[in-house]
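Asker: Provide a 3D model corresponding to the input given below.
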Amino acid sequence: MTIDSSNPLYLHPSDHPGMILVSKIFYGNGFGAWKLAMTIALLAKNKLGFINNTVTMPANQPHFSYWQQCKDIVLSWILNTLNHDIRDSVLYAKTAQILWNELNSRYGQAKAAKIYQLQKNPCQINQGSNDIATYFAKIKSNWDVLNAINTIPSCTCGAAHAFAKREEDQRLIQFLVGLNPSYDMIRSNILMMQPLPSMDRAYRILMKDEKQKEIHTTTTFHYILCIYACKQWRTCQRRNGGK
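Answerer: Next up, the predicted model:
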């Protein structure tokens, strides 16, 4: 009997129990990021149904062996990404769904404390010695983790768009607050825009301003260097009697 490649019970010849789907081993911290990475990996493998109960044990006998094999392989894939101590504590889970639910119950419940820390972090992140791109990457990674934990239900009304815009405006202001004083003028210009620009547009404006500052600094340095060289040449000429 042949299983179609679009069927969750299909296994590619390269799929095996020892495969590691995500690059980072889960040690007990950063559960949200690990969970997201595993979800994406299982979705790419068309095996997400084995942890969310949408792929259940088939009633017909011909498919049962395929289901059994896939169930055990998905279970192995999850176990492969856990560190030794955590793996030993969940080793006897009978299905991937039971294992997944146990990990969620154990590590996914401290949601309020995690959200508090993530909300607090942007207030402590500032540009410092970083360029705009590095500073933005640091604060955006914090927002991405927060989005993964604090999901918002989908909505077809206009309120969803208004809420998304308000959240983007708040994050834009957080980002601007952490900029160095050398960006005070461009920061004021952005804040005076009505309505506030999107994060992408504000980022492009700041990157352009940063590039202009670099060009100005380089030009000024070369000008000072030329003046210094001319003075040195004139001093040398006077010492040599104008020769």
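Asker: what about residue 195, neighbour count?
Answerer: Neighbour count of residue 195, defined by other CB atoms under 10 Å: 7. Bear in mind the C-beta positions are built from the backbone N, C-alpha and C, glycine included.
Asker: for it, helix, strand, or coil?
Answerer: Following DSSP: H, G, I helix; E, B strand; the rest coil, residue 195 is assigned to coil.
Asker: could you report the pLDDT at it?
Answerer: pLDDT, residue 195: 90.
Asker: now the helices for this protein?
Answerer: Using DSSP state H, the helices of the chain run over residues 31-44, 49-52, 61-80, 84-90, 96-107, 111-124, 132-149, 158-177, 184-191, 199-239.
Asker: now stretch 159-179 - C-alpha only, CSV.
Answerer: The C-alpha coordinates for stretch 159-179 follow below in CSV (Å, rounded to 0.1, in the frame of the first residue of the first chain):
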residue,chain,number,x,y,z
ALA,A,159,-10.7,46.9,15.9
ALA,A,160,-8.0,44.5,15.1
HIS,A,161,-6.3,46.9,12.7
ALA,A,162,-6.7,49.8,15.2
PHE,A,163,-5.1,47.7,18.0
ALA,A,164,-2.2,46.6,15.8
LYS,A,165,-1.5,50.3,14.9
ARG,A,166,-1.6,51.3,18.5
GLU,A,167,0.8,48.6,19.4
GLU,A,168,3.2,49.5,16.6
ASP,A,169,3.1,53.2,17.7
GLN,A,170,4.0,52.2,21.2
ARG,A,171,6.9,50.1,20.0
LEU,A,172,8.1,52.8,17.8
ILE,A,173,8.2,55.2,20.7
GLN,A,174,10.1,52.6,22.8
PHE,A,175,12.6,52.3,20.0
LEU,A,176,13.0,56.1,19.7
VAL,A,177,13.5,56.5,23.5
GLY,A,178,16.5,54.3,23.4
LEU,A,179,18.4,56.2,20.7
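Asker: chain center to it, what's the gap?
Answerer: The chain centroid and the centroid of stretch 159-179 are separated by 18 Å under CA atoms, centre = their mean, to the nearest Å.
Asker: and the contacts of it?
Answerer: 122-123, 125-127, 135-136, 139, 143, 152, 154, 187, 190-191, 196-199, 202, 206 (CB atoms under 8 Å, 6 or more residues apart in numbering).
Asker: quick check: ChimeraX command selecting the buried ones in those.
Answerer: Selection of buried members from the contacts of stretch 159-179 for ChimeraX, criterion 16 or more other CB atoms under 10 Å:
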select :122,125,127,135,136,139,143,187,190,196,197,199,202,206
